[in-house]
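[1] got a sequence here, can you build the structure:
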Amino acid sequence: MQTTLIGFMVGVLGTGAGGSMAFFLRNPTKRFLSAIIGLSSGLMVAIVTFELIPEAFAIGGVLLTTVGIALGAFAASYIDILISSLWKKSFSTKQGYIKTAILLGIGIALHNFPEGLAIGSGFSAQTRLGVGLAIVIALHNMPEGLAMVTPMRVGGYSSKKAFLLTLLAGAPMGLGAFVGGLIGEFAYDFIGVCLAFAGGTMLYITFGELIPRAKDLYSGRISTIFSILGFITGIAISKIF
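    Next up is the predicted model:
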């Protein structure tokens, strides 16, 4: 139960820290929002490239990782179609951003479950390893909260509602920590597949939703520049922590 609580707190506080930006996005310009979404896109690509996929390779190998990425992208595409069909009408501009946020929230939730598995497995192996993983994962979840909250604010959600939804996206990490603590070292192959699957969903959402939305908001080069800055920042976070 202690491991489960730690996993839950890491997920909620990590994404919540990024989601707290909702309270600072007061009447922002389209240019500023385009830059923030671009920054978030770059961060997400860097985290997938330098964290999720290498870890999946190390745990599950090339074949399982490749299959996991493909399945994750396919699942995200299917969820995209499902959300559109449930809406049963064409998206307005603001609704389009809400759809992006929903997809991203699902992707973050899927991402947080295998990270919870890693925390739980780490604690079952060695307490110090579990604590180290928890700190690193909390730091890495901050950009995800920022990436999720920005399109929600653009779509018209209140700061409070957007922030609470980012907290909700972090909650599955507690379940992952519980499962990881139960099955310990036997979870590692499963963790690899889950990480690859989450990486596939995040790549689909970033390339298919976040980057196009940033360009829709402001047609200048600002989103591209900030995407590159976000990518560089993501590399720094990955290598420093």
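
[2] could you list the low-pLDDT ranges of the protein?
    Across the chain, the ranges flagged by pLDDT under 70 are 26, 86-94, 122, 124-126, 129, 132-133, 136, 140, 184-188, 241.

[3] now Y157: phi and psi?
    Torsion angles at Y157 (phi, psi; degrees, to the nearest 10) stand at phi -70, psi 150.

[4] which ones are touching the nearest residue to it once chain neighbours are set aside?
    In space, Y157 comes closest to I98 once its chain neighbours are excluded; the distance is 7.1 Å by CB to CB, 6 or more residues apart in numbering. C-beta: built from backbone N, CA, C; applies to glycine. The contact partners of I98, by CB atoms under 8 Å, 6 or more residues apart in numbering, come to P151, M152, G155, G156, Y157.

[5] how about V193, nearest residue that isn't a chain neighbour?
    Per CB to CB, 6+ apart, closest to V193 is G68, 4.8 Å.

[6] show me what the helix or strand hosting the one you found is packed against.
    Per DSSP states H and E: G68 is located in helix 53-87. Other elements packing on helix 53-87 under the criterion 3 or more CB pairs under 8 Å, 6 or more residues apart in numbering; DSSP states H and E are helix 93-125, helix 188-205.

[7] find the nearest non-adjacent residue to the residue most central in space within the chain, please.
    Residue closest to the average C-alpha location in the chain (CA atoms, centre = their mean): I108, at 3.5 Å. Counting by CB to CB, 6+ apart, A169 is the residue found nearest to I108 once chain neighbours are left out, at 4.4 Å.

[8] OK, contacts around that neighbour?
    Here A169 is in contact with T15, G105, I108, A109, N112, E144, G145, M148 (CB under 8 Å, 6+ apart).

[9] go on, L43?
    Applying CB under 8 Å, 6+ apart, we find L43 in contact with P143, L146, A147, G230, F231, T233, G234, I237.

[10] cool, and D80?
    Contacts for D80 (CB under 8 Å, 6+ apart) come out as K99, L103, Y204, G208, E209.

[11] got a winner among the contacts of L43 for most neighbours?
    Of all these, the highest neighbour tally under other CB atoms under 10 Å goes to A147, namely 34 neighbours.

[12] pretty sure that residue sits against L104.
    Yes. Using CB atoms under 8 Å, A147 makes contact with L104 at a distance of 6.0 Å.

[13] need the overlap of contacts for these two.
    Counting by CB under 8 Å, 6+ apart, the common neighbours of A147 and L104 are L210.

[14] before we move on, back to that, closest one of the contacts of A169 to G120?
    G120 has its nearest neighbour among these in N112, at 12.3 Å by CB to CB.

[15] now R221: how far from G107?
    According to CB to CB, to the nearest Å, R221 and G107 sit 27 Å apart.

[16] neighbour count: the two, which is higher?
    Neighbour totals were compared for R221 and G107, and G107 leads with 29 against 11 (other CB under 10 Å).

[17] once you drop chain neighbours, what's closest to that one?
    Closest residue in space to G107, ignoring its immediate chain neighbours: T201 at 4.2 Å, by CB to CB, 6+ apart.
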